[in-house]
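1. quick one, structure for this:
(chains A and B)
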There are 2 protein chains.
Amino acid sequence: MSENISEQLQYLFEPRSIAIIGASNVKMKWGYIVPANILAGGWKGKLYPVNPKETEIFDRGVYKSVLDIPDEIDLAVVTIPSQHVVPVIKECVAKSVKTCIVISGGFSETGGEGTELEKEMTAIVEGSSMRLVGPNTMGVYSGPVNLHALMPPVRPVAGKIGFAAQSGNLGTQMLSLGKALGVGFSRFVCIGNEADLKAADYLEYFADDPATEVILMYIEGLRAARRFIEVARNTSPKKPIVVLKAGKTKAGAKAAASHSAALAADEAVFEGVRKQTGMIEADTTEEMLDIAKAFAAIPSPKGKRVGVLTWGGGWGVVTADALAEHGLELVEFPEETLKELDSVLPPYWSRGNPVDLVGTLDLSVHFRCLEIVARCNCVDSIISLGTMGATSSFQSFVLEGPLAEEIDSERIKPRVITPEFIKELQKTDEAYRNEVIRLMEETGKPIIAVSFPTSGSITPMLARQSEVVIYPSPERGAKTLAALYEYQQFLERTLAPTR
Amino acid sequence: MSENISEQLQYLFEPRSIAIIGASNVKMKWGYIVPANILAGGWKGKLYPVNPKETEIFDRGVYKSVLDIPDEIDLAVVTIPSQHVVPVIKECVAKSVKTCIVISGGFSETGGEGTELEKEMTAIVEGSSMRLVGPNTMGVYSGPVNLHALMPPVRPVAGKIGFAAQSGNLGTQMLSLGKALGVGFSRFVCIGNEADLKAADYLEYFADDPATEVILMYIEGLRAARRFIEVARNTSPKKPIVVLKAGKTKAGAKAAASHSAALAADEAVFEGVRKQTGMIEADTTEEMLDIAKAFAAIPSPKGKRVGVLTWGGGWGVVTADALAEHGLELVEFPEETLKELDSVLPPYWSRGNPVDLVGTLDLSVHFRCLEIVARCNCVDSIISLGTMGATSSFQSFVLEGPLAEEIDSERIKPRVITPEFIKELQKTDEAYRNEVIRLMEETGKPIIAVSFPTSGSITPMLARQSEVVIYPSPERGAKTLAALYEYQQFLERTLAPTR
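-> Sure thing, here's the model as predicted:
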């Protein structure tokens, strides 16, 4: 079955036609919301509402059954209550529908009768060529064709990350957070109960999918572990797989059992599998996007030697600690590099790594120091603290509250950082961003930025992390760099010619 | 000397009069920027510019020397180059100035001549009753009197956290981040080179300061370790001390040596001291505010049993893992609590902890579940996922890009989440916030919220974390709860009557 999984799932992620089984005019029903999301999202295929009791939905004629539609159906989306699903699935099979998403809950996750219904449904699907997502799923997203077959009305940014999640809520909220941060997705699927299609199937599809460059997974437990391991092992050398494994602890496993009904793998076992297959671990939900966005945007370091640029000594110390804690090395610069930096920095600079830019507001110094460090053969990667995204920090200074009343603000003008200065800074921010991209292309080394949005609003530059990445703390930046390096080491081990 | 440290430092944090030595009309000079910050910040005392070459600065007459000022000076702020500082300090002592901040760098942090200058200056101060901050400091902030004697033009929110930082850059940026997040400070001091006043002195002042309820410290190394330990031991039973110790690793210690010239304490030694004195560790820069804001806003849990409310099973699983990893317990509810929840939730709810609110948009259900869980004797603290701050998440759905062009948006109205719905949600958000405050007051149990700002803008509610706290991930919420509990355990050990 798995030989043609990519062909089969192509109908799911790039359908030409969709039937909505349970389509509705009632706004609070999923039969309304899901097709509304699809239509509003800009997908260009043919959409057929199915509902025995309606005549017109979304300006379209309604079919009593999927069997009545005079067209081939690539994808059926089922939103009706679980007890009515089985006959509809039979009709879909009879109609030779290619793929089917069962949004409806009330199956094995509720136990008892639901489990029986799911078994019945699975048996029908197994005897057919139709592939089924769910049940109990929030649906799929597909960037290349603007398909938003999703329950929540989230519209992600299109990008390079293929994402499969064993939790619809967590998954779709990650899409939403990605949107706020400018982190884009190629495909998303909420795995659901895995009655038919399993996590391994989506992984295999992502592995071959030209639109996907990085794979992200949220996993509570594996239902077809052996196959998953095999697919992961084959995929990792081609594309990085970033995985958050939830249900690691006893308490977590128990919560997972009542949520996804997935059998949580023993933590030690999963950790062994992860290392062996080259999957990269996200320890926290924040790290899911932290790490995935880096794989999607920047190269991986070829070694562990890091050069750091900082505006302030304290941040440099924190970064040095974080690098050491993650097995990376704050490299000692050779004398020639120190001399190059001498020519740019004031005489009292600390002549070491991190390079303390001693608070200078003259950003041309930052540009020159970045280039010197990036081009030095002594470093494999660079962390640039504070410079990129500085606009956001400075904005917080400008956007302060009103002056004390009795002060004559025109006369005192205490705001040395003026709106004009901010405009200049925004231009510099953009220029620095372009410089980072240029240097990454020319040197093949990753450059990551750290800068927190103290103004409370994310700057336009922050909101497009498709070519550069920016982190709100040095610790998160260092952790991500370590993850990139771990993958690089896996590749070298795996792809090295056997002697 | 330490008996009256609180009296002495009261002149620093609440001065009635300030002399700016090196005051200037040149906008890019610190002699302009620092007094501009002070005047713009709303401090109500008398400000005297001192500069032998000027006649008027900020609309005020200028004195050639501090000795010429016909008033007592509580605080002198020195911004002139290091080589001219010593004579000025002599004058300050002669004038009986109470406290002095030496902003200027170029002292022991640069070694050589700078170290000699610092020794000379220290000798003068030691023979006097004047106390000195710095040198090489970014200054102080004091909320109760709106004093912003700072180099960067940051204007923090006034609050309950007293903060001493061995890095001006990191320290003032934390103030800025706090402002964006609605986290307020009572006092801030950039410790600088500690020629006279040491970290321990500020700690002692904060311990007695009625405006300070929580103490936050960024420490690279201790110059008077024995006294610091003594003061910390005496302070912890009164107020929580949250500390980030940087320079833990070899690389970090080396970076610290060249930054603050502070001798980094051996990590194991510091960890011993920390536990013994009851200080609470922040592992990362993000945790500094995460933990400090919680101590400032909510009660500490009396035990480790946690109740969790969630909109989605996946988040519940992640939270369960995070609690277990930090030694907290996802308690099993007694049957009577489950029955109470039965009466509110739909029949298919999972009857366990985390309480899965099964995605309901009817927030009244959330209110009732929160109250049931908070009032249950079986829990010591509550984590509420998604509800508080939900406005922000939902905004991201409403604020989506334009519809696909060919879609008739008036007719299709795919936006089931309308602006009116958001307005309702904002009201509910506010009501939920008030309910959380009421329940914390009535039960004495901490309730923490987790919700990330997916819209990219922080909601008004997020921006006032003085009575409630909100975290962008369950992992950070759980870690904070564990920190609060650690402090509670310290208090119980320390304050328990000896049998």
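2. break down the stretch 201-350 of chain A into its strands, ranges please.
-> Assigned by DSSP state E, counting those that start in this stretch, the stretch 201-350 of chain A shows strands spanning A:214-219, A:241-245, A:280-281, A:305-310, A:329-330.
3. identify whichever of the ones you listed lies nearest to B:Tyr32.
-> Closest approach to B:Tyr32 among the strands of the stretch 201-350 of chain A is made by strand A:305-310 (25.9 Å; C-beta to C-beta). (Each C-beta comes from the backbone N, C-alpha and C, glycine too.)
4. how far does the closest one sit from the chain's center?
-> In terms of C-alpha atoms, centre = their mean, to the nearest Å, the gap separating the centre of strand A:305-310 from the centre of its chain is 26 Å.
5. how about stretch A:169-176?
-> With C-alpha atoms, centre = their mean as the basis, the distance from the averaged C-alpha position of stretch A:169-176 to the chain average is 9 Å.
6. same thing with stretch A:279-293?
-> 8 Å.
7. quick one: end-to-end distance for it.
-> 15 Å (C-alpha to C-alpha, to the nearest Å).
8. quickly note the distance from the residue nearest to A:Leu495 when sequence neighbours are not counted to A:Thr277.
-> Spatial nearest neighbour of A:Leu495, chain neighbours left out: A:Pro237 (6.3 Å); criterion: C-beta to C-beta, 6 or more residues apart in numbering or on different chains. Computed as C-beta to C-beta, to the nearest Å, the A:Pro237 to A:Thr277 distance reads 10 Å.
9. for A:Val86, same thing?
-> 36 Å.
10. kindly report the same for A:Gln83.
-> Noted for A:Gln83: a distance of 40 Å to A:Thr277, by C-beta to C-beta.
11. again with A:Ala76
-> Distance of A:Ala76 to A:Thr277, computed by C-beta to C-beta: 33 Å.
12. circling back: quick one: which of A:Gln83 and A:Thr277 has more around it?
-> A:Thr277 (20 against 12; other C-beta atoms under 10 Å in any protein chain shown).
13. mind listing what the more buried one touches?
-> A:Thr277 makes contacts with A:Ile229, A:Ala232, A:Arg233, A:Ser236, A:Ile241, as judged by C-beta atoms under 8 Å, 6 or more residues apart in numbering or on different chains.
14. the fourth one contacts A:Thr494, doesn't it?
-> The reference is to A:Ser236. Yes. Look at A:Ser236 against A:Thr494 with C-beta atoms under 8 Å: they come within range, at 7.4 Å.
15. between these two, what contacts are shared?
-> Common neighbours of A:Ser236 and A:Thr494 (C-beta under 8 Å, 6+ apart) are A:Gly278.
16. how many other residues sit next to the residue nearest to A:Leu495?
-> 15.
17. dihedrals phi and psi, it?
-> Backbone torsions of A:Pro237, given as degrees, to the nearest 10, read phi -60, psi -20.
18. swap in A:Gly139?
-> phi 100, psi -160.
19. hmm, which helix or strand of chain A has the shakiest average pLDDT?
-> Lowest mean confidence among the helices and strands of chain A (mean pLDDT, DSSP states H and E): helix A:409-412, at a mean of 44.
20. and the next helix or strand past that one?
-> Next along the chain after helix A:409-412, taking DSSP states H and E as the criterion, comes helix A:419-443.
21. and the contacts of the next helix or strand after that next one?
-> For helix A:419-443, the following helix or strand on the C-terminal side (DSSP H and E) is strand A:447-450. Strand A:447-450 has contacts (C-beta under 8 Å, 6+ apart) with A:294, A:298, A:315, A:319, A:370, A:374, A:381-389, A:436, A:439-440, A:468-474, A:476-477, A:480-481.
22. what's the answer for stretch A:248-262, then?
-> A:108-109, A:111, A:166-167, A:191, A:193-194, A:220-223, A:246-247, A:263-264, A:267, A:270, B:313-314, B:316-321, B:323-325, B:329-330, B:350, B:352, B:354, B:356.
23. how's chain A carved up into domains?
-> If you go by automatic domain parsing, the domain ranges for chain A are A:2-296, A:299-492.
24. out of those, which gets the lowest mean score?
-> If the domains of chain A are sorted by mean pLDDT, domain A:299-492 sits at the bottom with a mean of 82.
25. show me where the stretch 51-200 of chain A has its strands.
-> A:56-57, A:60-61, A:75-78, A:99-102, A:131-133, A:139-142, A:147-150, A:158-165, A:185-190.
26. who are the packing partners of the third one?
-> Pointing back at strand A:75-78 there. With contacts defined as 3 or more C-beta pairs under 8 Å, 6 or more residues apart in numbering or on different chains; DSSP states H and E, strand A:75-78 has these neighbours: strand A:17-21, helix A:85-94, strand A:99-102.
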